[in-house]
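Visitor: Predicted structure and sequence below. I'll ask about it afterward.
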Amino acid sequence: MEHQHKEATIPHVLIFPLPIQGPINCKLQLAELFCLSGLKVTFLNTIHNQERLLRHTNVQSRFEKYPGFRFLTIPDGLPDEHPRSFEQFGDIISSVQTVAEPFLREMLRSGAKELVTCVVPDALSYYVADIGNEMGVPVIPFDTLSPSCVWVYMCLPKLIESGELPFKDNDLDASVTHIPALEGLLRRRDLPPFCLMDYKTDPDFLAALKQVERIPQSHGLILNTFEDLDRPFLSCIHSYSPKTYAIGPLHLHLKAKLSSKNAPSSNSLWEEDHSSIKWLDAQPMGSVLYVSFGSVVVVSKEEILEFQHGLLNSKVKFLWVMRPNILKGGESDVQFMKELAEGCKGNGYIVSWAPQKMVLAHPAIAGFLTHSGWNSTLESVSEGKPMICWPHYVDQRVNSRLVNELWQIGLDMKGICDRSTIERMIKDLMEIKRDELKKSIEELSKLAKLSVEEGGSSYNNLDCLIDDIKELAR
Ligand code: UDX
């Protein structure tokens, strides 16, 4: 292995995202930041997602200007007709693992044709850390979850050892006590859903444990945040993983490095509907609520109808993303969607996928009704748009709690989904609490922008990460 590293001059990073939109998006941004710093990058994607990416974006031509960059693809091991919806996430992950393991072993083998300096997988692909350790190639996971949730995951063993988990009763409002930096802030209902069920054999719980176990065995850890936002959690994570690099918000970081005044580049797996921007252009400033539940959340028709009525009753104009695969159970109901769009006409505009970063930057947008995925949260913070949070799983409940309680930049609706609560929350966001929420999120937005400028924390942390990788190649 020593031999492998001494020969490499330009560091070569192998980036391997989870096969879903959020991580692919972040990791392409990271890939471009690495290319701009002169590193060689191989981006390993599944064939299925690569085809979607090439169909809906200009990534091919965008990355052509970087001679050290290339895409590499592997099958995801699933049959063509597989729906690949988040409801089958476990199947997708284990199928990709079966294909990726031998592929990565071969690629990282000492004496392989093209030497890899380090691998940047998702933290959830914990098996990559094992392969890296076995083959002597450093692994630096990029965890695309929020740092606060990464820290919650890191504290799971402590919660269990202390006897706090499993919880002894059903009091969801009880405070969680064994998570330093989040004491007094998190209630049981704010934890990832597996903590509230019989978690011991739950695949999400086991995966969370495995991923945090591997972090101290890895070379470092990359997180998409900036220090002014997540300082308390970052300092806890540092004690667990000393080489933790907070280099976000990545989309702002890339924009700053490219000095680009243009629209942000798309890394979408769906076709972006730019008619949404035209529609926004015709709306008064600060009058529209943007509604989107990210790339993987699935909802029932009943929930959609509650949202429709809550939105219409609020009398606030809205732009609403309804992914083609948003219905629970993989259902596709063209008639239902058509009637929904008809029913919203006049007050709302529905698209199947929006250019979200452009939407959030649009002056007509006043706020964001979101599922609290970490990318959406960071994008909203970056544009200074307060949120209403309707969280589901993974990190989303932790994120929504912090949005409401710690940062005070939005309102946490948790799992509630009834039209009167939705209407009330919208009125609070758009009128009653508008000024205070706007003030706090605009302050954070300024800090986010400063963090990626020369001398800012994320700017400096990216430099340190790149120096670290260059050192590995010496
Ligand atoms: C998943 C998990 O659900 C989330 O909890 C975790 O934090 C990251 O991984 P996802 O649900 O897709 O992510 O949500 P999010 O992290 O918000 O990412 C969605 C991405 O899709 C954002 O970058 C957003 O800009 C983009 N998007 C979404 C669009 O470009 N257009 C849309 O219409 C909707």
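Guide: Received the coordinates, thanks.

Visitor: of all of this protein, which residue lies closest to the ligand?
Guide: Closest approach of the chain to the ligand (C-beta to the nearest ligand atom) occurs at Gly373, with a separation of 2.3 Å. (Each C-beta comes from the backbone N, C-alpha and C, glycine too.)

Visitor: pretty sure that residue contacts Gln21?
Guide: No: counting by C-beta atoms under 8 Å, Gly373 stays clear of Gln21, with 9.3 Å between them.

Visitor: residues shared between the contacts of the two?
Guide: Residues touching both Gly373 and Gln21 by C-beta atoms under 8 Å, 6 or more residues apart in numbering: Gly294, Ser295.

Visitor: Tally up the residues packed near the residue nearest to the residue of the chain closest to the ligand when sequence neighbours are not counted, please.
Guide: Leaving aside its sequence neighbours, Gly373 sits nearest to Gly294 (C-beta to C-beta, 6 or more residues apart in numbering; 4.2 Å). Using other C-beta atoms under 10 Å, Gly294 is surrounded by 22 other residues.

Visitor: next one: Glu436
Guide: Neighbours of Glu436 (other C-beta under 10 Å): 12.

Visitor: which residues touch it?
Guide: Gln408.

Visitor: Show me what the closest residue to Met322 other than its chain neighbours bridges to in the sheet.
Guide: Sequence neighbours aside, Ile350 is the residue nearest to Met322 in space, at 5.4 Å (criterion: C-beta to C-beta, 6+ apart). When assigned by DSSP bridges, Ile350 has beta-bridge partners Trp320.

Visitor: what about Gly373 and Gln21, which has more around it?
Guide: Gly373 (26 against 23).

Visitor: OK, contacts around that one?
Guide: Gly22, Gly294, Ser295, Val297, Val394, Asp395, Gln396, Asn399.

Visitor: From Ile215, how far out is it?
Guide: Note on Gly373: its distance to Ile215, by C-beta to C-beta, to the nearest Å, is 21 Å.

Visitor: One more: Ile277?
Guide: 40 Å.

Visitor: okay, those two: which has more neighbours?
Guide: Between Ile277 and Ile215, counting by other C-beta under 10 Å, Ile215 is the more crowded of the two (22 against 18).

Visitor: Just confirm the more buried one is within a helix.
Guide: Yes: when DSSP: H, G, I helix; E, B strand; the rest coil is applied, Ile215 is found to be in a helix.

Visitor: for the ligand, what are the nearby residues on the stretch 1-150 of the chain?
Guide: Gln21, Gly22, Asn25, Thr144, Leu145 (C-beta under 6 Å from any ligand atom).

Visitor: Turn these into CSV, including secondary structure.
Guide: Formatted as CSV, those follow (three-state DSSP):
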residue, secondary structure
Gln21, helix
Gly22, helix
Asn25, helix
Thr144, coil
Leu145, coil
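
Visitor: Compare those residues and tell me which is most surrounded.
Guide: Busiest of those [other C-beta under 10 Å] is Thr144, holding 29 neighbours.

Visitor: quick one: contacts for that one?
Guide: By C-beta under 8 Å, 6+ apart, the residues touching Thr144 are Leu18, Gly22, Pro23, Cys26, Lys27, Asp122, Asn224, Trp374, Asn375.

Visitor: State the phi and psi torsions of the last one.
Guide: Spelled out, that is Asn375. Dihedral pair for Asn375: phi -60, psi -50, per degrees, to the nearest 10.

Visitor: what stretches of the stretch 301-450 of the chain score poorly on pLDDT?
Guide: The stretch 301-450 of the chain contains no residues with pLDDT under 70.

Visitor: Can you show me the helices along it?
Guide: Per DSSP state H, counting those that start in this stretch, the stretch 301-450 of the chain carries helices over the ranges 301-314, 334-344, 356-361, 374-383, 396-401, 419-427, 434-451.

Visitor: Return the most buried member of those.
Guide: helix 396-401 (a mean of 27; mean count of other C-beta atoms under 10 Å).
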